[in-house]
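Trainee: What would the 3D arrangement of this be:
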Amino acid sequence: MTDRTGIPVFATVLVIAAIATMLALGVWQLGRAEWKADLLERYAAASGLPPTEFPTTEEAVEDALYRRAFVTCERIVSRNAEAGTSAEGVKGLAQIARCALAGGGEADIVLGYTASPQIADWPEGDAGGATVGGIIGPGRSGEARLIAQPPQAGLAPIAAPNPADLPNNHTAYAWQWFFFALTAGIIYVLAVRRRRRDARGA
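Mentor: The predicted structure follows:
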């Protein structure tokens, strides 16, 4: 269906709706960029704050990241190692203890760095009731984990979590959405002009 000018009404409505959606997504991403910048600034200042309670709920993780905390490992649930980097920047393995915490819940404690895949002995943790201090970092989905400082089990220091490693790509995403909206508008205008030109030549 077209109007008297030859402009397709249905297609025009769809294009306008699509462009409006793209522009809205771009504006939303700009808002997210501002939020992320504020969050990264707060994280950068977290190391200078006093120790906080280790977060055991997903809602509490964001406010506690990159601050110091102490946890008491009542019981080791499991041990494993994953790729990690030493405090000197050497690639190797991070040795982790999954602990049942005093007061309930579980958390991963990154005990330290090693180049060997062999799981190090941690007598204090095996005995239960070991209290470990360190930096709160991002962990499993929705969880935090504690990076032990000083390291435990005779391991070497591992690189502390750095908020600068968190990406803030929202501004780039915003410009992508604005570019898509502009491109859609240009394609639509060119298509309508060609349609009207073809109609005049018929």
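Trainee: What residues does P150 make contact with?
Mentor: When contacts are counted by C-beta atoms under 8 Å, 6 or more residues apart in numbering, P150 touches P157. Heads up, the C-betas are built off the backbone N, CA and C, glycines and all.
Trainee: where does this structure dip in pLDDT?
Mentor: 1-7, 199-202 (pLDDT under 70).
Trainee: partners of the longest strand along it, with directions?
Mentor: Criterion DSSP state E: the longest strand present in the chain is strand 68-85. Within its sheet, strand 68-85 is paired with strand 91-101 (antiparallel), strand 130-138 (antiparallel), according to DSSP bridges.
Trainee: which one of those strands lies closest to D63?
Mentor: Taking C-beta to C-beta, strand 130-138 is the member of those nearest to D63, at 10.0 Å.
Trainee: Can you give me the buried ones in the closest one?
Mentor: Using 16 or more other C-beta atoms under 10 Å as the test for burial, strand 130-138 gives A130, V132, G134, I135, I136, G137, P138.
Trainee: closest to Q29 out of the strands paired with strand 68-85?
Mentor: strand 130-138 (21.8 Å).
Trainee: which residues sit against the next helix-or-strand element following the closest one?
Mentor: Remark: after strand 130-138, the chain's next helix or strand is strand 144-148, criterion DSSP states H and E. For strand 144-148, the surrounding residues in contact (C-beta under 8 Å, 6+ apart) are 54-55, 61, 64-65, 69, 71, 96, 107-112, 132-139, 158, 160-161.
Trainee: before we move on, the earlier item: can I get the longest strand of the chain in PDB, CA atoms only?
Mentor: Extracted C-alpha coordinates of strand 68-85, given in PDB (Å, rounded to 0.1, in the frame of the first residue of the first chain):
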ATOM      1  CA  ARG A  68      39.800  -6.500  51.400                       C
ATOM      2  CA  ALA A  69      38.000  -9.100  53.400                       C
ATOM      3  CA  PHE A  70      38.600 -12.100  55.700                       C
ATOM      4  CA  VAL A  71      36.900 -15.500  55.400                       C
ATOM      5  CA  THR A  72      37.100 -18.600  57.600                       C
ATOM      6  CA  CYS A  73      37.300 -21.900  55.800                       C
ATOM      7  CA  GLU A  74      35.400 -24.300  58.000                       C
ATOM      8  CA  ARG A  75      35.800 -27.200  55.600                       C
ATOM      9  CA  ILE A  76      37.400 -27.700  52.200                       C
ATOM     10  CA  VAL A  77      34.700 -28.900  49.800                       C
ATOM     11  CA  SER A  78      37.000 -29.400  46.800                       C
ATOM     12  CA  ARG A  79      40.400 -28.400  45.400                       C
ATOM     13  CA  ASN A  80      41.300 -27.500  41.800                       C
ATOM     14  CA  ALA A  81      43.700 -25.400  39.700                       C
ATOM     15  CA  GLU A  82      43.000 -23.200  36.700                       C
ATOM     16  CA  ALA A  83      45.000 -20.900  34.500                       C
ATOM     17  CA  GLY A  84      46.400 -18.000  36.400                       C
ATOM     18  CA  THR A  85      49.100 -15.300  36.400                       C
END
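Trainee: Nice, that's everything, thank you.
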